[in-house]
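Enquirer: please find the sequence and the predicted model below.
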Amino acid sequence: MLFAGPDNHLLEFVVFQSSFACAVLTVISRIIKMYQGIEDAGIKRLWKRTALVFAASYLLWNIDFRLCDVMQTLPLGLWNPQLHAVWHVGAAVCSYMSALLVCHNRSENMGRQPVMRYGDDLADEDRESRPRLMLMGLRRSGKSSIQRVVFHKMSPTETLFLESTSKINKDNIHSFIDFQVWDFPGQMDFFDPAFDTTAIFGEVGALVFVIDSQDDYMEALARLHSTVVAAHRVNPNITFEVFIHKVDGLSEDYKIDTQRDIQQTTTDELADAGLENVQLAFYLTSIYDHSIFEAFSKVIQKLIPQLPTLENLLNILCANSGIEKAFLFDVISKIYIATDSSPVDSQSYEICSDMIDVIIDISSIYGRAAIGAKSQGYLDDQQNAAEDWTQQQDGHNDDEDPTGAQRSQENHSQAVVSSGSRAGSIDNQSTSQSGGNHEAFSVIKMGNGTVLYLREVNKYLALICLLRAETFEKQGLIDYNVHCFKEAMDQVFELKRAERTRREMEANQMLEQQHHNGMYGHG
Ligand SMILES: Nc1nc2c(ncn2[C@@H]2O[C@H](COP(=O)(O)OP(=O)(O)OP(=O)(O)O)[C@@H](O)[C@H]2O)c(=O)[nH]1
Ligand SMILES: [Zn+2]
């Protein structure tokens, strides 16, 4: 029957319709696939609006087509609204938007930093001048695991199920300082001309190169070398950090040997390339212990402009209060952003970071229970953690439910006691209380005569001090000094915030003058 028509009208119809349908379905399925990979909420919103406009236009086209007679004889002498023309305009808008969004997606995948602006709505906030930290290294070296464990509280064993990264994964960290972590796919090829080295390395603060020490690392070293050479050429200010990773499987001796070998080979090679003045810092890391947090602490500290001020403040605090060691911790990631200038030994770092775990566990279990929170999924992400930390304070001050608050107080000491028996070194004289002034405060006395003293500094930061029990007898003095320290800290960060707001306003004004809408490529 298909071939029966006198001039093959039916065949033509079927061939046209089916090939058209195939094309449409392909486009739709590819767009859906791309859409699923988009993380930016603003871009997603744009896609949704585009789809909506398309659906509406299509509806109007159908009305015009099917109800043509009605449209031509509208009551009350109304004119035909010419919905077919409206459909054309709508379809044009959608084509334009889709092309733009596909371009955006493509250039983002290539590592450029495109920004979409429409009206006053800033769809993509990535391009702020916040410090950027890049994770690079061969495939399966552990980059994504590091990022998840440090910044998203993933448990190390869960990383076994991480899939290989296929595109640059940008992670905005909102904490005491806002910064970005970029997780690169291992198989990325910088020498591909599509890979824009200027855009990638131009604004980087630190480049973290991850080497799998359990594997043969010759290829990794070659890649490290070429990365350093390429990045240094574009931006001589990058700090290079080499994580000799997965050392949990290595013996103590072997660790040292590996580090020496890697350090020697890289510096020799760089010297041969005429780059002897490029400084690389080496760290032995593993996600199964504190080493990864400690290494990240040191990396991040280099990105904090106020570091000398903070160190100074901590030095003064320690000297005046007889404190042996003081850390300023970012509560959410458990990296310390500053410490006094006495040497850091891993043990004191570990015990302080464990203390944060204890406090956060307690506050997320009992602190939230006291204010009747429902969710157990605490610490899922940064925001939640920050909320927990602050909700805890609210919980302490909640006097609407005195029994609940009391219960939470009792449970506090119980929980600390049980965690003490696990650690074996904390005896049960722990106290946990809220200072009358809205802030988390906790003291743990340990069997060996050391006292751990924690006080919240602000939403993100906690001060943890290690001191001798004798010194702690003068708790009033310490409390007072810590109070002064907090005030000084507030000033440091307040100044910075004011400065940033001013800069942002200036930058916005400039951008507004440069363009009104459409795509604005960067780099
Ligand atoms: N033993 C051990 N294994 C680790 C460590 N860190 C990561 N791994 C494991 O290494 C494997 C690869 O980790 P990924 O984080 O996916 O590696 P990646 O570098 O992001 O890989 P690509 O995305 O392919 O570039 C996972 O199975 C992790 O569990 C570590 O410190 N010690
Ligand atoms: Zn990855």
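Expert: In hand now; what should we look at? Numbering: from 1, shown residues only. Ligands and ions are numbered 1, 2, ... in the order given.
Enquirer: please name the nearest non-neighbouring residue to the residue in the stretch 201-350 of the chain that ligand 2 sits nearest to.
Expert: Residue nearest to ligand 2 within the stretch 201-350 of the chain: V210 (9.7 Å; C-beta to the ion). To be clear about C-beta, it is placed using only N, CA and C from the backbone, and glycine gets the same treatment. Spatially, and ignoring its direct neighbours in sequence, V210 is nearest to G137 (3.5 Å; C-beta to C-beta, 6 or more residues apart in numbering).
Enquirer: tell me how many other residues crowd the one you found.
Expert: G137 has 23 neighbours, counted by other C-beta atoms under 10 Å.
Enquirer: any idea how far it is from S297?
Expert: Separation of G137 from S297 (C-beta to C-beta, to the nearest Å): 20 Å.
Enquirer: then T227?
Expert: Distance from T227 to S297, by C-beta to C-beta: 23 Å.
Enquirer: quick one, which of the two is more surrounded?
Expert: Between T227 and S297, S297 has the larger neighbour count (other C-beta under 10 Å), namely 24 against 19.
Enquirer: where does pLDDT dip in the stretch 51-200 of the chain?
Expert: Along the stretch 51-200 of the chain, the parts satisfying pLDDT under 70 run over 117-129, 188-194.
Enquirer: all strands for it, in order.
Expert: 115-118, 121-122, 132-137, 169-174, 178-183 (DSSP state E, counting those that start in this stretch).
Enquirer: gap between the closest residue to E108 other than its chain neighbours and ligand 1?
Expert: In this structure, E108 finds its nearest non-sequential neighbour in P114, 5.9 Å apart by C-beta to C-beta, 6+ apart. To ligand 1, P114 is 23 Å away according to C-beta to the nearest ligand atom, to the nearest Å.
Enquirer: over to D257?
Expert: Distance of D257 to ligand 1, computed by C-beta to the nearest ligand atom: 18 Å.
Enquirer: state the number of residues packed around that residue.
Expert: The number of residues near D257, taken as other C-beta under 10 Å, comes to 12.
Enquirer: any idea which element it lies in?
Expert: Assignment of secondary structure by DSSP states H and E places D257 within helix 252-272.
Enquirer: which positions in that helix come out as buried?
Expert: Residues of helix 252-272 classed as buried: 255, 258-259, 262, 265-267, 269-270 (neighbour count, 16 or more other C-beta atoms under 10 Å).
Enquirer: which other helices and strands contact it?
Expert: helix 218-234, strand 239-245, strand 280-284 (3 or more C-beta pairs under 8 Å, 6 or more residues apart in numbering; DSSP states H and E).
Enquirer: could you dump those into CSV and include mean pLDDT?
Expert: Shown next, in CSV, are those (pLDDT from 0 to 100):
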stretch, mean pLDDT
helix 218-234, 90
strand 239-245, 95
strand 280-284, 94
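Enquirer: with respect to burial, which of the ones you listed scores highest?
Expert: Of all the helices and strands packed on helix 252-272, strand 239-245 has the most neighbours on average by mean count of other C-beta atoms under 10 Å, namely a mean of 24.
Enquirer: hey, what's the angle from it to helix 218-234? Just curious.
Expert: Counting by axes from the mean of the first three to the mean of the last three C-alpha atoms, to 10 degrees, strand 239-245 lies at 170 degrees to helix 218-234.
Enquirer: is any part of strand 239-245 close to ligand 2?
Expert: No. Strand 239-245 lies apart from ligand 2 when judged by C-beta under 5 Å from the ion; the minimum separation is 12.6 Å.
Enquirer: anything in that strand near ligand 1?
Expert: Yes. Applying C-beta under 6 Å from any ligand atom, one finds strand 239-245 touching ligand 1 at H245.
Enquirer: list the contacts of that strand.
Expert: Here strand 239-245 makes contact (C-beta atoms under 8 Å, 6 or more residues apart in numbering) with 137, 141-142, 146, 205-213, 224, 228, 231, 255, 258-259, 262, 266, 278-286, 292, 295, 298-299, 302.
Enquirer: report all helices and strands that the strand or helix carrying S18 contacts.
Expert: Taking DSSP H and E as the criterion, S18 maps to helix 9-36. Here helix 9-36 touches helix 41-66, helix 83-109, going by 3+ C-beta pairs under 8 Å, 6+ apart.
Enquirer: tell me the buried residues in the shortest one?
Expert: Spelled out, it's helix 41-66. By neighbour count on 16+ other C-beta under 10 Å, the buried set for helix 41-66 is 42-43, 46-47, 50-51, 53-54, 57, 60-61, 63-64.
Enquirer: show me what it is packed up against.
Expert: For helix 41-66, the packing partners by 3+ C-beta pairs under 8 Å, 6+ apart come out as helix 9-36, helix 83-109, strand 115-118.
Enquirer: which bits of this structure sit near ligand 1?
Expert: For the chain, the residues in contact with ligand 1 (C-beta under 6 Å from any ligand atom) are 137, 139-145, 159-160, 162, 164-165, 185-186, 245-246, 248-249, 286-288.
Enquirer: now these: which count as buried?
Expert: 137, 141-145, 159, 165, 185-186, 245-246, 248, 286-288.
Enquirer: and these, which is closest to F201?
Expert: G137 (15.6 Å; C-beta to C-beta).
Enquirer: dump the residue contacts of the closest one.
Expert: By C-beta under 8 Å, 6+ apart, the neighbours of G137 are 143, 184, 186, 209-212, 220, 223-224, 243, 245.
Enquirer: separation between it and ligand 2?
Expert: Distance of G137 to ligand 2, given as C-beta to the ion, to the nearest Å: 9 Å.
Enquirer: same question for L67.
Expert: 54 Å.
Enquirer: any weak-confidence spans in the stretch 301-450 of the chain?
Expert: Looking at the stretch 301-450 of the chain by pLDDT under 70, you get 365-439.
Enquirer: all the helices of it, in order from the start?
Expert: 307-321, 346-362, 368-370, 382-397, 402-423 (DSSP state H, counting those that start in this stretch).
Enquirer: biggest helix in this structure by residues?
Expert: helix 475-514 (DSSP state H).
Enquirer: centre of the chain to it, how far?
Expert: Counting by C-alpha atoms, centre = their mean, to the nearest Å, helix 475-514 is centred 21 Å from the centre of its parent chain.
Enquirer: over to stretch 221-233?
Expert: Remark: stretch 221-233 is offset 25 Å from the chain centroid, using C-alpha atoms, centre = their mean.
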